[in-house]
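**Student:** build me a model:
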Amino acid sequence: MNVARLRCAVSLLLSTAVVFSTPQFAAAQSYPTRTVRIIDVFPPGGGTDVVGRVLATKLSQVFGQSFVVENRPGAAGIIGTDSVAKSPPDGYTLFIVTSISLGANTMYSRLPYDILRDFAPIAKVGSAAYVLVAHPSLPVRSVKELIALSNSRRGQLNYASAGTGSSTHLAGELLKSRAGIDIVHVPYKGSAPVVIAIVSGETEFGFAAVTSALAQINSGKLNALGVSSLQRNPVIPSVPTVAETLPGFEAVGHLGFYAPAHIPVDIVARLNAELQKAVALSEVRERFAAAGVEPATSSPDELGFLLKSEIAKWAKVIKDAGIHAD
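**Tutor:** Next up is the predicted model:
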């Protein structure tokens, strides 16, 4: 019996030694030894930029190496996304992006990367909802009233978005599809011009980032009809969700960290653990709230499942709406 136990113990020790001597484990234990880039495909100042920089600071403190956000906007995010896909899978190039932005990529018939094949999910870190706002001259105060007015003026009401294929465009098309209404899309170049256009009455309504529209909502320059998340937004809790009128309606930017595919799993595990710890910090949650982002966490597998679901959802919206970018 003692001999058998001894053999078992020796076998276990040898197995453990093999695991701890693998190159992957060694790389994970020493990671990182130099600066880590976090690619953001949007310009500075947006939700992903704010969240990325807040978490980059925390990761730098924990790992003792610099984590820096690098903004690489252009071509609807394709330039920055492609740079990540083509980077070495060593953990030194990360990627912060929303699932709805990646879903919008399906409007292109050809992409230099495969969204589901070329990226490894690391962790979900938050969600950003949009608010459906209307100019006060539009005689509606709810989503139900907007639908009724749209049905009485089919093809006559215009809604603004931050551009073709943008998150607010897809949210508008989802509303159009789910409500069965005929509304006209008017694309602008960015989220700020959307709010300006609706406040001025140039367009009647549209979805906007909560933080972008909050001052105008509070001043009465815009009427808030509904938020695009399944739950009410803590920043504007009195505003109902669109889902309260159209059950199941959701158009949310789920913010997640990704890396090039085939990154060592031990590095993914370390990053996931530290990101979850950072998101739980009160000062981080306060910074997120100021940027209109609700904190959230997930395992890598959970984020991967969410991404697959979101890609399928937005691909259908894009196909049904006949949106093409090339």
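
**Student:** could you work out the end-to-end span of stretch 202-211 for me?
**Tutor:** Chord length of stretch 202-211, first to last residue, is 21 Å (Cα to Cα, to the nearest Å).

**Student:** run the chain-centre distance for that stretch.
**Tutor:** Centroid separation between stretch 202-211 and its chain, computed with Cα atoms, centre = their mean, to the nearest Å, is 19 Å.

**Student:** same check, this time on stretch 87-97
**Tutor:** Here stretch 87-97 shows a centroid-to-chain-centroid distance of 17 Å under the convention Cα atoms, centre = their mean.

**Student:** equivalent analysis for stretch 50-62, please.
**Tutor:** 17 Å.

**Student:** contacting residues around the residue most central in space within the chain?
**Tutor:** For the chain, the residue nearest the mean C-alpha position is T98 (1.9 Å; Cα atoms, centre = their mean). Going by Cβ atoms under 8 Å, 6 or more residues apart in numbering, T98 touches 47-48, 128, 167, 253-256. In short, each C-beta sits where N, CA and C put it, glycine included.

**Student:** tell me the pLDDT at it?
**Tutor:** Per-residue pLDDT puts T98 at 95.

**Student:** show me where the stretch 101-250 of the chain has its strands.
**Tutor:** Using DSSP state E, counting those that start in this stretch, the strands of the stretch 101-250 of the chain run over residues 119-128, 130-134, 158-161, 184-187, 205-209, 223-227.

**Student:** could I get these as CSV with mean neighbour count?
**Tutor:** What follows is the strands of the stretch 101-250 of the chain, written out as CSV (neighbours: other Cβ atoms under 10 Å):
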stretch, mean neighbour count
strand 119-128, 25
strand 130-134, 27
strand 158-161, 24
strand 184-187, 16
strand 205-209, 28
strand 223-227, 24
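
**Student:** redo the ones you listed as TSV? Include mean pLDDT and distance to F288.
**Tutor:** Below are the strands of the stretch 101-250 of the chain laid out as TSV (pLDDT from 0 to 100; distance: least, Cβ to Cβ, whole Å):
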stretch	mean pLDDT	distance to F288
strand 119-128	97	6
strand 130-134	97	16
strand 158-161	97	24
strand 184-187	97	28
strand 205-209	96	13
strand 223-227	98	16
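
**Student:** quick one: closest of those strands to A291.
**Tutor:** With Cβ to Cβ as the measure, strand 119-128 is the member of the strands of the stretch 101-250 of the chain nearest A291 (7.9 Å).

**Student:** the residue lying closest to L111 once chain neighbours are set aside: neighbour count?
**Tutor:** Excluding the flanking residues, the one nearest L111 by Cβ to Cβ, 6 or more residues apart in numbering is N105, at 6.0 Å. Neighbour count of N105, defined by other Cβ atoms under 10 Å: 20.

**Student:** start the count at 37, not 1, going forward
**Tutor:** Sure, I'll start counting at 37 from here, so that last one is N141.

**Student:** just flag the most distant two among the contacts of T134.
**Tutor:** Maximum pairwise distance in these, criterion Cβ to Cβ, is 14.4 Å, between S203 and G292.

**Student:** between those two, which is the more surrounded one?
**Tutor:** G292 (30 against 27).

**Student:** who are the packing partners of the helix or strand hosting the more buried one?
**Tutor:** Following DSSP states H and E, one finds G292 within strand 289-296. With contacts taken as 3 or more Cβ pairs under 8 Å, 6 or more residues apart in numbering; DSSP states H and E, strand 289-296 sits against helix 83-99, helix 114-121, strand 129-134, helix 135-140, strand 155-164, helix 301-315, helix 336-357.

**Student:** go through these and name the closest to E238.
**Tutor:** helix 336-357 (22.3 Å).

**Student:** ok so, going back, just the closest of the contacts of T134 to Q65, please.
**Tutor:** Within the contacts of T134, proximity to Q65 (Cβ to Cβ) peaks at G292, which comes in at 25.1 Å.

**Student:** hang on, that closest one packs against V161?
**Tutor:** Yes: if you go by Cβ atoms under 8 Å, G292 and V161 touch, sitting 6.6 Å apart.

**Student:** what is in contact with those two at once?
**Tutor:** I132.

**Student:** what's the weakest-modelled helix or strand in this protein?
**Tutor:** Across the helices and strands of the chain, mean pLDDT, DSSP states H and E gives its lowest value to helix 38-56, namely a mean of 47.

**Student:** that concludes my questions; thank you for your assistance.
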